[in-house]
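> below is the sequence, then the predicted model.
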Amino acid sequence: MLTGLELHVARGCLYGLLGPPASGKTLVLKLIAGLVRPDAGRVRVNGRELERLSELELGEHRRSIGMVFQNNALFDAWTVAENVAFPLRRTTDLTESEIRERVAERLARVGLADLGERLPTQLSGGQKKRVGIARATAARAPLVLYDEPTAGLDPVTSRRIFDLLRSEQRAAQATAVMVSTEVDLLLDVVDRVGMLHEGRLVFDGTPEEARASREPALRQFLRGSEHGPL
């Protein structure tokens, strides 16, 4: 449950959300994506107040957002290329030739140029994450949401994924909101970071300000992250 949350993410910003389990991080992403309606208050994205939109308008809003899910959410019966093509066929007017070109470009960008015909079950965890990133960025959405994009990955692969996300966000000049428990990696790549604690935003600032902050909940969380998950 979120209480009195006031969060502003500037256009073109890569914003990170930190917080212990059940603090509301994923709920914030769902509110931004229009997957959950707020009980009170307003959620404004690109000047539109989502709580005022009809179901049809909300559907259009969701299709304008790229999202990387914690569990990858790939279609196991589809090839890698078909998974990446899915949002292009659903949200754009590109021809099949243009879709194939875009898919090939996206897969090359994430280092999977030769794996387009494989099924998700034939991929490693890190490769599945990269397919998810390719799919989320294929339609060049102005807003991308990342929910634990490196969950379950080893440290080396996690670092590569974070560097890739930063590079993709910069290249597309997109606005991105990222939830992660990989505190050090997150602080290395984001422009600003927020800390949720018991449903409240107790900190909002730059990574440098976060590391120097005397906010008790944030200090405790950062100290705990140095010794593994809380």
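Yes, it's here. Residues are numbered from 1 along each chain as shown.

> run through who's touching the lengthiest helix in the chain.
Secondary structure of the chain per DSSP state H: the longest helix is helix 155-172. If you take C-beta atoms under 8 Å, 6 or more residues apart in numbering as the criterion, helix 155-172 is touched by 14, 109-110, 125-126, 129-130, 133, 137, 140, 144, 146, 149-150, 153, 174, 176, 178, 182, 185-186, 188-189. The C-beta positions use only the backbone N, C-alpha and C, and glycine is treated the same way.

> cool, stretch 66-82 as well?
Residues outside stretch 66-82 that contact it (C-beta under 8 Å, 6+ apart) are 26, 29, 33, 83, 86-87, 100, 103, 107, 112, 115-121, 123, 128-129, 131-133, 135-139, 141, 143-149, 151, 174.

> one step back: how about the longest helix of the chain: buried residues?
Of the residues in helix 155-172, 157, 158, 159, 160, 161, 162, 164, 165, 166, 168, 169, 172 count as buried by neighbour count, 16 or more other C-beta atoms under 10 Å.

> for stretch 104-115, same thing?
Neighbour-count burial for stretch 104-115, with 16+ other C-beta under 10 Å as criterion, is recorded at 106, 107, 109, 110, 112, 115.

> can you count the residues close to residue 90?
Neighbour count for residue 90, taken as other C-beta atoms under 10 Å: 9.

> for the residue sitting nearest the centre point of the chain, which residues make a bridge with it?
Centroid-nearest residue in the chain: residue 146, 1.2 Å away (criterion: C-alpha atoms, centre = their mean). Going by DSSP bridges, residue 146 is paired in beta bridges with residue 68, residue 178.

> so which of the contacts of stretch 66-82 sit within strands?
143, 144, 145, 146, 147 (DSSP state E).

> could you identify which of those residues has the most neighbours?
residue 146 (29 neighbours).
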